[in-house]
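> The following comprises the amino acid sequence and a computationally predicted model.
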Amino acid sequence: MFDFGSDRQFAPNSARVVALQQQKQGIEARRRDIYDSHRHRTFALAYYMTGSEIEAEEILAGTFVRAFTAVEEPTGRDVDTALIEQLQQRSYLDDDGVETFPPAASPSNSEPLSRNIKRTELEEAIQYLPPADRLLFLLRDVEGYTPATIAQLLRMSEPQVQRRLLATRIQLRRILADAQDGEEKAA
């Protein structure tokens, strides 16, 4: 006959199973926290780079798959690196990173804006920037990354980041001024 009343036979295995389940739940909870703490920023950058919510969702998913495949508990930098790789893979950036820029704009050609700019106007104008410039602007002026962090992330020198940011801001001012001139002529 079988003795089902004896808990001694099952106790060590049960404790191990419970411990493994708790460990797995802990890992899943940490991964969920990592995802939750970086998903908004990642989606926003992907959306501004693509202009499409569907494409941004796909990039978001691919970014986290890549980040969690590379490292069990990725940091913000790991997530950002995976995002850059996703953008490169989908041809939103050159494979070499952000080093292939058009010639820098001349500051003397920028025209002052005659009124304040609305957020929606700025968001629309950002879409007219070349992808590499758009990413630099978003990382620095929207997300608040330091030039040193951007330089490391995009494999550029810090002075190169500073120069490109200045040229990008000038280019953005031109786009906004042209849009404002078009509105004034239409009115």
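It's in.

> Which strands or helices does the helix or strand harbouring A179 pack on?
A179 is part of helix 158-186, with elements assigned from DSSP states H and E. On a contact count with 3 or more C-beta pairs under 8 Å, 6 or more residues apart in numbering; DSSP states H and E, helix 158-186 meets helix 119-126, helix 131-137, helix 147-154. Quick note: C-beta positions are derived from backbone N, CA and C, even for glycine.

> mean pLDDT for those helices: which is lowest?
Looking over the helices and strands packed on helix 158-186, mean pLDDT reaches its minimum on helix 119-126, with a mean of 90.

> Show the contacting residues for A67.
Going by C-beta atoms under 8 Å, 6 or more residues apart in numbering, A67 touches P74, D78, V79, T81, A82.

> Distance check, the last one against T149.
Taking C-beta to C-beta, to the nearest Å as the criterion, A82 is separated from T149 by 16 Å.

> Among the two, which residue is more densely surrounded?
Between A82 and T149, A82 has the larger neighbour count (other C-beta atoms under 10 Å), namely 24 against 18.

> I'd guessed the more buried one sits against I59; true?
No: applying C-beta atoms under 8 Å, one finds A82 not in contact with I59, separated by 9.8 Å.

> mind listing what D141 touches?
D141 touches L165, R169, counting by C-beta under 8 Å, 6+ apart.

> What residues of the helix ranked longest in the chain count as buried?
What stands out as the longest helix in the chain, according to DSSP state H, is helix 11-50. Neighbour-count burial for helix 11-50 flags 31, 34-35, 38, 41-43, 45-50 (criterion: 16 or more other C-beta atoms under 10 Å).

> returning to what we had before: between which two of the contacts of A67 is the distance greatest?
Greatest spatial distance among the contacts of A67 (C-beta to C-beta): P74 and T81, at 8.7 Å.

> nearest spatial neighbour of T168, skipping sequence neighbours?
Take T168 and drop its neighbours on the chain: the residue closest to it by C-beta to C-beta, 6 or more residues apart in numbering is D133, 4.3 Å away.

> contacting residues for that neighbour?
So D133 contacts F101, R164, A167, T168, Q171 (C-beta under 8 Å, 6+ apart).

> any idea how far it lies from I170?
Distance, D133 to I170, using C-beta to C-beta: 10 Å.

> just the angle between the longest helix of the chain and helix 119-126, please?
Angle of helix 11-50 versus helix 119-126, following axes from the mean of the first three to the mean of the last three C-alpha atoms, to 10 degrees, is 80 degrees.

> buried stuff in the following helix or strand past helix 11-50?
Downstream of helix 11-50, the next assigned helix or strand under DSSP H and E is helix 53-70. Residues of helix 53-70 classed as buried under the neighbour-count rule (16+ other C-beta under 10 Å) are A56, I59, L60, G62, T63, F64, R66, A67, F68.
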